[in-house]
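Student: coords below, sequence missing:
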Ligand code: ADP
């Protein structure tokens, strides 16, 4: 049997997603997710071309049980593709400043990922669990596990954008700096934009807007990330589903000193109760605020603040492009689907020469053509992100290199 498939694992803090795909033909054979890990009503979904499988797992299912469940399903006759898998690509959220490209996972690499859990306490430990369990379940592929980092695309950030203006020793000693995130998506968007515009990556100046439950904007100049909105952790930057993004750090002191909140509860507020959820007071889901935009003042505010912040970043990043911006690209669940958000963001940026074609923007068929700008505008594109494809291709590349 020809082994040509890569298993891609994306282990999040409370959910895990996986795909089994051919990095050459780009065909996804099986994919799925488990939602609500460690919570009540844990549920698993698995899809292939012809089959769909949904099942409620026992409440509070942990990583180990969840992954073993999925791996067994992949192995049994129902979704039989275990024997065709020859590599496993793991999405790793934080590689710190040590891991600036994808790597085959060795014990040394595991130690570094563990070390940088300090900056991604919800994600890196989950990613490590994914590696550990897949090595057990696929013992014959032990040396074909590859780590692909969300931070590595941003290793090209210059000091002027990655350093915070706090005493330098905190960078030198404690590695406090901006690392960015969503690098896998921004990197995929760069590659795809280069193909769509038929222009070499090294010559491209673009602003990539990944707008989803987590959101970030990246300034890419001559094919390199030169600034990005997420910081030491994915809490900085844009307004997100439940994360506040940028704020005055003094708010934390105020909440602690004057409101008597504990550090733990402040962290929970800024991470899980803010963003679209905090402002709308109802939901972290952008669709909710969009639906209620006309009728509910908080939903309207949530959308307005979200768009204001995205436009502000695009405006600021355009000044880093040495006078030539090739394109602004939207991606992620919101960027790909919300014509209201795209229209509102771009309407604030006419000064830069960005104009949206309102008809094309609202017509979902445009997706094939990518462009949503008017003729006289700088290019504005919508490109569906394919992080799993990027991870599979990186995994294939590294395994092939190792086997030469
Ligand atoms: P994640 O960061 O978890 O990968 P996604 O990229 O899937 O998230 O994006 C999730 C967000 O996309 C949610 O806020 C959801 O409301 C939004 N979204 C999905 N479809 C639409 C749509 N048709 N219109 C507006 N927002 C949408």
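Tutor: Nice, I can see it. Since the model is a prediction, treat every value here as computed from it, not as a measurement.
Student: Show the contacting residues for the residue nearest to the spatial centre of the chain.
Tutor: Centroid check for the chain by C-alpha atoms, centre = their mean gives residue 182 as the closest residue, at 3.7 Å. Neighbouring residues of residue 182 by C-beta atoms under 8 Å, 6 or more residues apart in numbering: 150, 210, 214, 216, 218, 228, 230, 234. Any C-beta I mention is one placed from the backbone N, CA and C, and that applies to glycine too.
Student: If we check the ligand, which of these are in contact?
Tutor: Residues of those in contact with the ligand (C-beta under 6 Å from any ligand atom): residue 214.
Student: Can you pull the residues of the chain lying near the ligand?
Tutor: Contacts of the chain with the ligand, taken as C-beta under 6 Å from any ligand atom, map to 212-214, 241, 285-287, 290, 332-334, 337-338.
Student: who wins for neighbours among those residues?
Tutor: Among these, the one with the most neighbours (other C-beta atoms under 10 Å) is residue 334, at 26 neighbours.
Student: Please tell me I have it right and that one contacts residue 341.
Tutor: Yes. Counting by C-beta atoms under 8 Å, residue 334 sits close enough to residue 341 to count as a contact (5.7 Å).
Student: Quickly list what's touching both of the two.
Tutor: The contact lists of residue 334 and residue 341 share 211, 286, where a contact means C-beta under 8 Å, 6+ apart.
Student: which ones are touching residue 289?
Tutor: Applying C-beta under 8 Å, 6+ apart to residue 289 gives the contacts 276, 280, 283, 299-300, 302-303.
Student: hang on, residue 128 in a helix?
Tutor: Yes. Assigned with DSSP: H, G, I helix; E, B strand; the rest coil, residue 128 falls within a helix.
Student: Is it in contact with residue 110, as I believe?
Tutor: Yes. With contact defined as C-beta under 8 Å, residue 128 reaches residue 110; the gap is 6.8 Å.
Student: what's the longest helix belonging to the chain packed up against?
Tutor: Determined from DSSP state H, the single longest helix within the chain is helix 297-318. Helix 297-318 sits against strand 206-211, strand 215-221, helix 275-280, helix 286-291, helix 339-347, with contacts defined as 3 or more C-beta pairs under 8 Å, 6 or more residues apart in numbering; DSSP states H and E.
Student: Let me see the backbone angles for residue 338.
Tutor: phi -90, psi 100 (degrees, to the nearest 10).
Student: of all of the stretch 301-404 of the chain, which residue lies closest to the ligand?
Tutor: Going by C-beta to the nearest ligand atom, the ligand is nearest to residue 333 of the stretch 301-404 of the chain, at 2.1 Å.
Student: any idea how far the residue lying closest to that residue once chain neighbours are set aside is from residue 276?
Tutor: The shortest distance from residue 333 to any non-neighbouring residue, by C-beta to C-beta, 6 or more residues apart in numbering, is to residue 212 (4.3 Å). Distance, residue 212 to residue 276, using C-beta to C-beta, to the nearest Å: 11 Å.
Student: shared neighbours of these two, anything?
Tutor: Common contacts of residue 212 and residue 276 (C-beta under 8 Å, 6+ apart): residue 241.
Student: Now do the same for the residue nearest to residue 116 when sequence neighbours are not counted: its pLDDT.
Tutor: Computed as C-beta to C-beta, 6+ apart, the closest residue to residue 116 that is not its neighbour in sequence is residue 96, at 3.9 Å. We have a pLDDT of 91 for residue 96.
Student: does residue 279 really touch residue 305, like I thought?
Tutor: Yes. Counting by C-beta under 8 Å, residue 305 is a contact partner of residue 279 at 6.0 Å.
Student: quick one, which of those two is more surrounded?
Tutor: A side-by-side neighbour count of residue 279 and residue 305, using other C-beta under 10 Å, places residue 279 first with 20 against 16.
Student: re the thing from before, verify the contact between the residue nearest to residue 116 and residue 114 for me.
Tutor: No. Taking contacts as C-beta under 8 Å, residue 96 lies outside contact range of residue 114: 10.7 Å.
Student: Look at those two and report which has more neighbours.
Tutor: The residue with more neighbours, out of residue 96 and residue 114, is residue 96; 22 against 13, by other C-beta under 10 Å.
Student: three-state assignment of that one?
Tutor: Under three-state DSSP, residue 96 comes out as coil.
Student: For it, give its distance to residue 277.
Tutor: 29 Å.
Student: before we move on, what about residue 185?
Tutor: 22 Å.
Student: Pick out whichever of those two has more residues nearby.
Tutor: residue 185 (25 against 20).
Student: who does the helix or strand hosting that one touch, helix- and strand-wise?
Tutor: When secondary structure is defined by DSSP states H and E, residue 185 falls within helix 183-197. Counting contacts by 3+ C-beta pairs under 8 Å, 6+ apart, helix 183-197 packs against strand 145-149, strand 206-211, strand 215-221, strand 224-228, strand 327-331, strand 379-382, helix 387-402.
Student: for the record, mean pLDDT for it?
Tutor: Mean predicted confidence for helix 183-197 is 97.
Student: And that helix, how far out from the chain middle?
Tutor: 13 Å (C-alpha atoms, centre = their mean, to the nearest Å).
Student: quick one: low-confidence ranges for the stretch 301-404 of the chain?
Tutor: Where the stretch 301-404 of the chain drops to pLDDT under 70, the residues are 364-368.
Student: Look up phi and psi at the residue lying farthest from the centre of the chain.
Tutor: Outermost residue of the chain with respect to the C-alpha centroid, by C-alpha atoms, centre = their mean, is residue 258; its distance is 35.3 Å. Main-chain dihedrals, residue 258, degrees, to the nearest 10: phi -90, psi -30.
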